[in-house]
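Participant: starting from these lines, generate the structure:
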Amino acid sequence: MNIKEFYKISGISAHTLRYYEKIGIFQEINRNGSGHRNFSENNILWAEFINGLKETGMPLEQIKRYAVLRKQGEHTADARMKLLINHAAALKKKISDEKQHLNKINEKIKYYEKNVGCKPEEIVETIIQMAAYAGFPAALNAMFVAKEVFQERNIIEA
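Facilitator: This is a model prediction of the structure:
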């Protein structure tokens, strides 16, 4: 497959691919008789692996190191495994940190949900006052809805 088809499948642009080839991340790309790159299924699998490493935050220098070790053969499997173990540990730490950040954001969202807009007492007072205009059944329905919303938002206990 040519470089355009490879891009459609892998998402790696021709410019990026040439750069990867230059720095040694892509090392085994066959060429046809006229010198054009001819990509194989193995190239696709390698591209998917590289994309996964990039998406998890592995720096290009480490990806390059992995590629160099891979090119050297099976006797480097232990070194490649260690590189991936180290990256996995860093990734776990990052995920843990991101979860903590997300929890803080969710706490702030809950704060805003409870404290922005009308207070529950103001909503109840409005419903009581509207009973004279909308009728008791409508006011009662409004109270049930308000209670349900307050429970969903943990403003009152169920």
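
Participant: C-alpha from now on. contacts and neighbour counts both.
Facilitator: Will do.

Participant: for Thr6, grab the count of nearby residues.
Facilitator: Quick fix: residue 6 reads Phe, not Thr. 22 (other C-alpha atoms under 10 Å).

Participant: what's the nearest residue to it if we skip its chain neighbours?
Facilitator: Leaving aside its sequence neighbours, Phe6 sits nearest to Phe39 (C-alpha to C-alpha, 6 or more residues apart in numbering; 6.8 Å).

Participant: I'd assumed Tyr7 was in contact with the one you found.
Facilitator: No. Phe39 sits out of contact with Tyr7 when judged by C-alpha atoms under 8 Å, with a separation of 10.3 Å.

Participant: where's Ser13 relative to Tyr19, distance?
Facilitator: 10 Å (C-alpha to C-alpha, to the nearest Å).

Participant: could you do Val149 as well?
Facilitator: Taking C-alpha to C-alpha, one finds Val149 at 55 Å from Tyr19.

Participant: do the same with Arg80
Facilitator: The value you get for Arg80 to Tyr19, if C-alpha to C-alpha is used, is 22 Å.

Participant: same question for Ala47.
Facilitator: 13 Å.

Participant: can you check Cys118 too?
Facilitator: Taken as C-alpha to C-alpha, the span from Cys118 to Tyr19 is 57 Å.

Participant: now do the strands in the chain.
Facilitator: Along the chain, counting by DSSP state E, strands occupy 30-31, 37-38.
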